[in-house]
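Peer 1: here is a sequence with its predicted model. Questions after.
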Amino acid sequence: MTLPVVRDAAQQKVVAQQLPELLELEALIAQHPHTLTAQVEHLLTWQSLPLPLYSLSLGSRDPHAPTVLMTAGMHGVERIGSQVLIAWLQTLLERLCWDVQLQQQIAQIQLVFMPILNPVGMCLNRRCNGNGVDLNRNAPIDAEDEVKLLGGGHRLGGFFPWYRGKKGAAMEAENLALERVIKRQVFGRPMALALDLHSGFGMQDRLWFPHAYRRKPIDNIADYVALKLLWERTYPNHIYIFEPQSMHYLSHGDVWDYFHALFTASSPSPQQHFLSLTLEMGSWAWVKKRPRQLLNFAGLFNPQMKHRHARVLRRHILLLDFMLAAALNSNNWLPEKQQAALLTQTAQSLWFS
């Protein structure tokens, strides 16, 4: 869909109040027309207000270039994920104006962003989208074991959180747009990393990887262990717990389980690699430091104090920079066949014994 999306003054005022992250994103698009390629993947509406679902890309146009996909805002109330991603994108664009080394890096890699996956949910300040569907429980994939009541995904109806949508129905428009972007710009690459930003679980920041629907290790578990070890050797004082999501709970309809299955079906070559990670920011720590946030639903998922918010925006820059470098230099850390067997055994002892 062509740009820009036109709004009148009244609509601009509503967006500024309900979804300032969207205006910030559109400002970056307008300020960097020669660096960013922006596309409206789908146009949603909320109270007659047009809310575009943007994808942005920059860097190499070589179809064989390694790719990093970064997404946020899948759960509308978890605004901090979108804010972290937009802040890092802004830093990246400013550095590209003067940092020759970064310019050389970006020329060799494709970066793809979808910073606001659920704009209607963000306007409504709720987890689900405008149809009452939890986008991260919406894929056509069922857990192999028992899931948590409601939280693991259900089909009772949108009046409860974690609603999956009607059985047999197509995925929601937001997920279909994400699928199009992944098929168009991620699949088929020799190396692709994906990072989806969330908040709301636990006291510590975690890096989760599939599966969410089963407790067995993912088929390319050796690649994940190699990435974990690379991160820990490079930054031994890091703040993250790196683990499969299934260590904590199983869920139906996880979109990253679904996309991994699609990749496996469409990319049989062992020379193609796709690793998806979820950054789960530990929002309970923010609540612990300021218990009054319990009185505010958004406070369960987002830092409320100005200084703490600024700290979170800075906190993950190192990780996002690392994702770029890891994708670009994957030949130096992806395991060979013999090493992969040892890393698979390591995974068993770490997470699946």
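Peer 2: Nice, thanks for sending it over.

Peer 1: the helix or strand that contains Val15: what's the following helix or strand?
Peer 2: Element membership of Val15 [criterion: DSSP states H and E] is helix 9-18. Using DSSP H and E, the helix or strand that directly follows helix 9-18 along the chain is helix 20-31.

Peer 1: and the contacts of that following helix?
Peer 2: By CB atoms under 8 Å, 6 or more residues apart in numbering, the surrounding residues in contact with helix 20-31 are 3-5, 12, 15-16, 36, 38, 51-52, 54, 56, 73, 79, 82-83, 86, 89-90, 93, 115-116, 119, 122. Placement of C-beta: from N, CA and C, glycine included.

Peer 1: distance check, the nearest residue to Thr346 once chain neighbours are set aside against Pro20.
Peer 2: In space, not counting the residues next to it along the chain, Thr346 is nearest to Val225; the distance is 5.4 Å by CB to CB, 6 or more residues apart in numbering. Val225 sits 40 Å away from Pro20, taking CB to CB, to the nearest Å as the criterion.

Peer 1: for Ile241, same thing?
Peer 2: From Ile241 over to Pro20 (counting by CB to CB), the distance is 31 Å.

Peer 1: out of Val225 and Pro20, which sits in the busier spot?
Peer 2: The neighbour count for Val225 versus Pro20, taken as other CB atoms under 10 Å, is higher for Val225 (23 against 13).

Peer 1: tell me the pLDDT at that one?
Peer 2: The predicted local confidence for Val225 comes out at a pLDDT of 98.

Peer 1: still on that earlier bit, centre of the chain to the helix holding Val15, how far?
Peer 2: For helix 9-18, the distance between its averaged C-alpha position and the chain's averaged C-alpha position is 26 Å (CA atoms, centre = their mean, to the nearest Å).

Peer 1: begin at 16 from here
Peer 2: Understood, numbering begins at 16; the last thing we discussed is helix 24-33.

Peer 1: check which helices and strands it sits against.
Peer 2: In this structure, helix 24-33 packs against helix 35-46, strand 64-74, with contacts taken as 3 or more CB pairs under 8 Å, 6 or more residues apart in numbering; DSSP states H and E.

Peer 1: could you give the angle of it to helix 35-46?
Peer 2: On the basis of axes from the mean of the first three to the mean of the last three CA atoms, to 10 degrees, helix 24-33 is oriented at 120 degrees to helix 35-46.

Peer 1: for helix 24-33, C-alpha coordinates in CSV please.
Peer 2: What follows is helix 24-33 as a C-alpha-only set of coordinates in CSV (Å, rounded to 0.1, in the frame of the first residue of the first chain):
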residue,chain,number,x,y,z
ALA,A,24,-6.1,17.4,12.3
ALA,A,25,-8.6,15.8,14.7
GLN,A,26,-7.4,12.3,13.8
GLN,A,27,-3.8,13.4,14.4
LYS,A,28,-4.7,14.7,17.8
VAL,A,29,-6.3,11.3,18.7
VAL,A,30,-3.2,9.4,17.5
ALA,A,31,-1.0,11.7,19.5
GLN,A,32,-3.0,11.0,22.6
GLN,A,33,-3.6,7.2,22.2
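
Peer 1: buried set for that helix?
Peer 2: Neighbour counts using 16 or more other CB atoms under 10 Å place 26, 30, 33 of helix 24-33 among the buried residues.

Peer 1: now do stretch 240-247
Peer 2: Residues 240-243, 245-246 are the ones in stretch 240-247 that count as buried (16+ other CB under 10 Å).

Peer 1: out of those, flag the one nearest to Leu165.
Peer 2: Set against Leu165, the nearest of these by CB to CB is Lys243 (31.3 Å).

Peer 1: the closest one: which element?
Peer 2: When elements are assigned from DSSP H and E, Lys243 belongs to helix 236-249.

Peer 1: quick one: name whatever helix or strand follows that helix.
Peer 2: Sequence-wise, the next helix or strand downstream of helix 236-249 (DSSP H and E) is strand 256-259.

Peer 1: how many neighbours does Leu117 have?
Peer 2: When neighbours are counted by other CB under 10 Å, Leu117 registers 15.

Peer 1: so it sits in a strand?
Peer 2: No - counting by DSSP: H, G, I helix; E, B strand; the rest coil, Leu117 is not part of a strand but helix.
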